[in-house]
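>>> need a structure here:
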Amino acid sequence: MGEGSDLLKYMTHRAATYLTTPPAPAERKANRLPWTTQWFGMVPMGMQLWWEDKRGKPARAEAEPTYENL
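Numbers count the residues shown, from 1 in each chain. Purely as a prediction, here's the structure:
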């Protein structure tokens, strides 16, 4: 029974440390959404895709995989 209580103490300590430690500033900034998405959701991206399609300009996308790229 002593072994189980030690494990419980260890896991509780690890969980409390994880929950109380703030993330590093660089990590927080990397996980942030662009402000247009945060404020307006997917509407700006949809409008951009619609506008590029309307103008006949190819949509921005990664190059399609070819046999040379594989």
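
>>> ok, now which ones touch the residue nearest the centre of the chain?
Among the residues of the chain, the one closest to the centroid is Asn31, at 5.2 Å (CA atoms, centre = their mean). Taking CB atoms under 8 Å, 6 or more residues apart in numbering as the criterion, Asn31 is in contact with Pro23. In short, each C-beta sits where N, CA and C put it, glycine included.

>>> and it, how far from Gln38?
12 Å (CB to CB, to the nearest Å).

>>> what does Gln48 give?
Per CB to CB, Gln48 is found 16 Å from Gln38.

>>> of the two, who's got more company?
Applying other CB atoms under 10 Å to Gln48 and Gln38 shows that Gln48 carries more neighbours, namely 13 against 9.

>>> what about the more buried one, which helix or strand?
According to DSSP states H and E, Gln48 maps onto helix 43-55.

>>> show me what secondary structure element comes after the helix or strand of the chain with the lowest mean pLDDT.
Ranked by mean pLDDT, DSSP states H and E, the weakest helix or strand in the chain is helix 25-30, scoring a mean of 74. Heading C-terminal from helix 25-30, the first helix or strand you meet, by DSSP H and E, is helix 35-40.

>>> can you name every helix or strand that that following helix contacts?
If contacts are counted by 3 or more CB pairs under 8 Å, 6 or more residues apart in numbering; DSSP states H and E, helix 35-40 sits against helix 43-55.

>>> who does the helix it packs on touch, helix- and strand-wise?
Applying 3+ CB pairs under 8 Å, 6+ apart, one finds that helix 43-55 makes contact with helix 35-40.

>>> ok, longest helix in this protein?
Looking across the chain with DSSP state H, the single longest helix is helix 2-20.

>>> how far off centre is that one?
Here the centre of helix 2-20 is set off from its chain's centre by 28 Å, with CA atoms, centre = their mean, to the nearest Å.

>>> before we move on, what about stretch 37-53?
Mean C-alpha position of stretch 37-53 versus that of the full chain (CA atoms, centre = their mean) differs by 18 Å.
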